[in-house]
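Participant: when you get a sec, could you give me coordinates for this:
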Amino acid sequence: MVEVGPRDGLQNEARAVPTAVKIELIDRLSDAGLPVIEATAFVSPKWVPQMADNAQVMAGIRRRPDTRYPVLVPNRKGLDAALAAGCDEIVVFGAATEAFSRRNTNCTIAEGLARFSEVCAEAIARGLKVRGDISVCLGCPYEGEVSPGQVTRVARELYAMGCYEITIADTIGAGTPGKTRAAIEAVAKHIPVEKLAGHFHDTYGQALANTLAALECGVATFDSSVAGLGGCPYARGATGNVASEDVLYMLDGLGIETGVDMGRLIDAGGFICRELGRETLSRAARAIAARAKTA
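Facilitator: Below is the predicted model of the structure:
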């Protein structure tokens, strides 16, 4: 399980979330046993003001030796800032469609890949791990349907750059299990399936079904966001990521060991929801809380 709540979950919040709250959230998620927590993004504060305190967050968290804390990096400037902050893993992010690439990173797919090639080479030379994310793999808010071939083309480029893992992301939550299988199977013809990960938003209520479909294809790594936080500033109407609590409940039910403690995960979700003044979007968290009240 890769927890993306502190970054993908909070980046779309309209009001500033205090740095201390972000640090507390990450520490609580670490204590819950999550092996990977996407902590922040070294992006322009002009475009993503919520991530402007990236260096302070990285300096303030209590790093567990068995937990990784990757950060999002869009370019060489971001990489330099991440290195200065002591980061040891980064995430580069491309898109499966030209329109989304231009809206999200202000460049074409080819220009973005060229930029990431330099970033990956320098990061790997410095001993950093690099993960590659591909947005809008199962549907684009500007171009509509996305073919598995479009996803495969970008995935192969990122893998060739040295990304140890490639994330197939349903950024707008429009995917279905059938589309998920088609994308995974197409990419897996060129990249080992154990090198692939899934990232599903729940706009149409398909995120858990898509997670299971990818799992059945052999994918074993999934992004999720505590309390179902999130959205995308460049995909209007897209709701949050699949809730970490819901993914954990499903995996526990399948007998899959994750090392994540449900009670502590729910507590972390409750903490950030209180800070944001909202209810959790996790159905599992709500059901477990209701059961506890009647016990």
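
Participant: low-confidence regions, the stretch 51-200 of the chain specifically.
Facilitator: By pLDDT under 70, the stretch 51-200 of the chain has no low-scoring segment.

Participant: and the helices in it, which stretches?
Facilitator: 54-60, 76-84, 98-105, 109-125, 148-160, 177-188 (DSSP state H, counting those that start in this stretch).

Participant: identify the residues contacting the shortest one?
Facilitator: In this case it means helix 54-60. For helix 54-60, the surrounding residues in contact (C-beta atoms under 8 Å, 6 or more residues apart in numbering) are 6, 19-20, 22-23, 26, 39-42, 69, 71, 81-82, 84-87. (Glycine included, C-beta is placed from N, CA and C.)

Participant: buried sites along that helix?
Facilitator: Buried residues in helix 54-60, defined by neighbour count with 16 or more other C-beta atoms under 10 Å: 54, 55, 57, 58.

Participant: and the last one, how far is that from residue 19?
Facilitator: In this case it means residue 58. 11 Å (C-beta to C-beta, to the nearest Å).

Participant: any idea how far residue 279 is from the closest residue to residue 227 other than its chain neighbours?
Facilitator: In this structure, residue 227 finds its nearest non-sequential neighbour in residue 269, 3.7 Å apart by C-beta to C-beta, 6 or more residues apart in numbering. To residue 279, residue 269 is 10 Å away according to C-beta to C-beta.

Participant: these two: who's more crowded?
Facilitator: The residue with more neighbours, out of residue 269 and residue 279, is residue 269; 28 against 13, by other C-beta atoms under 10 Å.

Participant: shouldn't the more buried one be in contact with residue 240?
Facilitator: No: taking contacts as C-beta atoms under 8 Å, residue 269 lies outside contact range of residue 240: 11.6 Å.

Participant: before we move on, the earlier item: buried set for the helix or strand the residue nearest to residue 227 falls within?
Facilitator: Residue 269 is located in helix 262-276, with elements delineated by DSSP states H and E. Going by neighbour count (16+ other C-beta under 10 Å), the buried part of helix 262-276 is 262, 264, 265, 266, 268, 269, 270, 271, 272, 273, 276.

Participant: quick one: which of those residues is nearest to residue 216?
Facilitator: For the buried residues of helix 262-276, the closest approach to residue 216 (C-beta to C-beta) belongs to residue 262, at 23.1 Å.

Participant: the nearest residue to that closest one once chain neighbours are set aside: neighbour count?
Facilitator: If the residues on either side of it in the chain are set aside, residue 262 comes closest to residue 248, at 5.8 Å by C-beta to C-beta, 6+ apart. Residue 248: 24 surrounding residues under other C-beta under 10 Å.

Participant: out of the contacts of helix 54-60, which are inside strands?
Facilitator: Counting by DSSP state E, the contacts of helix 54-60 place 40, 41, 71 in strands.

Participant: what is the residue nearest to residue 247 when sequence neighbours are not counted paired to in the beta sheet?
Facilitator: Distances taken as C-beta to C-beta, 6+ apart place residue 224 nearest to residue 247, at 4.6 Å, with adjacent residues excluded. Note on residue 224: beta-bridge partners residue 3, judged by DSSP bridges.

Participant: pretty sure residue 224 contacts residue 240?
Facilitator: No: Residue 224 is beyond contact range of residue 240, at 9.8 Å (criterion: C-beta under 8 Å).

Participant: who's more crowded, these two?
Facilitator: residue 224 (31 against 25).

Participant: how near is the more buried one to residue 18?
Facilitator: Taking C-beta to C-beta, one finds residue 224 at 24 Å from residue 18.

Participant: about what we covered before: would JSON lines of the ones in strands among the contacts of helix 54-60 with neighbour count and distance to residue 166 be doable?
Facilitator: Listed next are the ones in strands among the contacts of helix 54-60 as JSON lines, based on neighbours: other C-beta atoms under 10 Å; distance: C-beta to C-beta, whole Å:
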{"residue": "40", "neighbour count": "29", "distance to residue 166": "21"}
{"residue": "41", "neighbour count": "26", "distance to residue 166": "19"}
{"residue": "71", "neighbour count": "25", "distance to residue 166": "18"}
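
Participant: now render those as TSV, adding distance to residue 124.
Facilitator: Formatted as TSV, those follow (distance: C-beta to C-beta, whole Å):
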residue	distance to residue 124
40	21
41	20
71	16
